[in-house]
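Peer 1: just a sequence and a predicted model for now, questions to come.
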Amino acid sequence: MKRNLFLTAVLIALFSNAFNAQTTIDFESLTVPAEGYYNGSTDHSGNVNSTEVFTYSENGANFSISYTLGDGYDYWNGFAYSNQTDLTTANWDNYSAYASPAGGADGSSNYSIAYLFYNVGDTVMFTEPVNINKISITNSVWAYHYMNGTDGVGTGTYEAGDSLTLIIKGIIDENTYSEDSVIFYLADFTNANSLIVNNWTEVNLNSLGSVNGLKFELFSSDDWTPAYFCLDNIIYNSPASVSDILETCISVFPNPAKDIVNINNVPNANIIINDISGKTVYTKNNCSENEKINISNLNSGIYFIRIENNNEVFTKKLIVK
């Protein structure tokens, strides 16, 4: 009983450590072109009236940009990245985040600026299922000045009843989203509020659970509000599987071994030892929690211990002296 309690405690500790190991997507590993931003233009083939989609990766996440070179104009949508710090220019060619200090979250250089053109190109996909803890969000400089009435035109000044809302959904698979979604107001003038986000703000995404990606949607009370927002510091955990944790608990010692090898934490498992050619040299079924195996009859060399427990199979290498 004490051994089982000890094993349970070990499992709990390992699960806790596994879920506390965090990864941060901060865009700092990306090289920003001389223009101060990347929107796909530097990779486009140059054919007029053609659209190309480009993908870049950062710490386990994939971001896409659709870039179109038109006849005398160009446009893009998706997730560009930037290191611009211009907080005053209020137009489409300013790829800056509105924040103090200027730049990325936590004083970093790089960040992503998203343009959701009719909510197209609005997803970020991960290479494995993840639990996302939080993300940092702020307005783009152009959107901020438009809503604040300081863009030199003033026609977009937000007033009572207006809002710019970002909705974040977790992607489970191609057509399935998380039950919960997170709503974040980039601007909120409803219910006597007068808010326009003017700095990096952490948004908690724990309620989305385990997801394969994120879907972003922007909704505004003003159809002419620039459909931009900036994101940085996506912090997530990679869920550890039960198999990973159980394999960590299994121990083989001593290794290298000569006469006796101990295999611990394998209750009710089947153990098969194969030599390097694949020939089986030892088997035992329904093992006790801790097994002591006599290997004095084995020749020196490399062997593989196969541990079968229900539907789980683990392999450990053994060196016999």
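Peer 2: Good, I have the coordinates. Numbers count the residues shown, from 1 in each chain.

Peer 1: against Glu289, how distant is the nearest residue to Thr89 once chain neighbours are set aside?
Peer 2: Spatial nearest neighbour of Thr89, chain neighbours left out: Val141 (6.8 Å); criterion: Cβ to Cβ, 6 or more residues apart in numbering. C-beta coordinates here come from the backbone N, C-alpha and C atoms, glycine included. In this structure, Val141 and Glu289 are 62 Å apart, going by Cβ to Cβ, to the nearest Å.

Peer 1: neighbour count winner among these two?
Peer 2: The residue with more neighbours, out of Val141 and Glu289, is Val141; 28 against 14, by other Cβ atoms under 10 Å.

Peer 1: list the residues that contact the nearest residue to Gly121 once chain neighbours are set aside.
Peer 2: Distances taken as Cβ to Cβ, 6+ apart put Gly78 closest to Gly121, at 3.5 Å, once the chain neighbours are dropped. By Cβ atoms under 8 Å, 6 or more residues apart in numbering, the contact list for Gly78 reads 40, 53, 63-66, 114-115, 121-122.

Peer 1: same check, this time on Thr155
Peer 2: Thr155 touches Trp224, counting by Cβ under 8 Å, 6+ apart.

Peer 1: again, only using 10 Å
Peer 2: For Thr155, the contact set (Cβ atoms under 10 Å, 6 or more residues apart in numbering) comprises 146, 149, 222, 224.

Peer 1: buried only: go through those residues for me.
Peer 2: 146, 222 (16 or more other Cβ atoms under 10 Å).

Peer 1: can you give me the end-to-end span of stretch 30-40?
Peer 2: One end of stretch 30-40 to the other measures 13 Å (Cα to Cα, to the nearest Å).

Peer 1: so how far is that stretch from its chain's centroid?
Peer 2: 22 Å (Cα atoms, centre = their mean, to the nearest Å).

Peer 1: that stretch: which residues count as buried?
Peer 2: Result for stretch 30-40 [16+ other Cβ under 10 Å]: buried residues 30, 32, 37-40.

Peer 1: what bridges to Ile271?
Peer 2: For Ile271, the beta-bridge partners are Lys284, Ile307 (DSSP bridges).

Peer 1: er, Tyr67 I mean
Peer 2: Residues in beta-bridge contact with Tyr67 (DSSP bridges): Glu52, Trp76.

Peer 1: Phe54 is in contact with that one, correct?
Peer 2: Yes - Tyr67 lies in contact with Phe54 (Cβ atoms under 10 Å); the separation is 6.7 Å.

Peer 1: any shared contact partners between the two?
Peer 2: 39-44, 76, 78.

Peer 1: those in strands, which ones?
Peer 2: Among the shared contacts of Tyr67 and Phe54, DSSP state E puts 76, 78 in strands.

Peer 1: of the shared contacts of Tyr67 and Phe54, which pair is most distant in space?
Peer 2: Pairwise distances across these peak at 14.8 Å for Thr42 and Gly78 (criterion: Cβ to Cβ).

Peer 1: what about Val53, neighbour count?
Peer 2: 11.

Peer 1: with adjacent residues omitted, what lies nearest to it?
Peer 2: Ser66 (5.0 Å).

Peer 1: tell me the contacts of the one you found?
Peer 2: Contacts of Ser66 by Cβ under 10 Å, 6+ apart are 39-40, 51-54, 75-78, 115, 117, 120-121.

Peer 1: same deal with Asp222?
Peer 2: Contacts of Asp222 by Cβ under 10 Å, 6+ apart are 146-147, 155-159, 162-164, 187.

Peer 1: the bottom helix or strand of the protein by mean pLDDT?
Peer 2: Each helix and strand of the chain was given a mean pLDDT (mean pLDDT, DSSP states H and E); the minimum falls on helix 2-20 at a mean of 46.

Peer 1: about what we covered before: just give me the closest of the shared contacts of Tyr67 and Phe54 to Leu195.
Peer 2: Gly78 (26.9 Å).

Peer 1: let me know the pLDDT of the closest one.
Peer 2: pLDDT, Gly78: 96.

Peer 1: check Lys292 too.
Peer 2: With respect to pLDDT, Lys292 scores 92.

Peer 1: what sits against it?
Peer 2: By Cβ under 10 Å, 6+ apart, the neighbours of Lys292 are 260-264.
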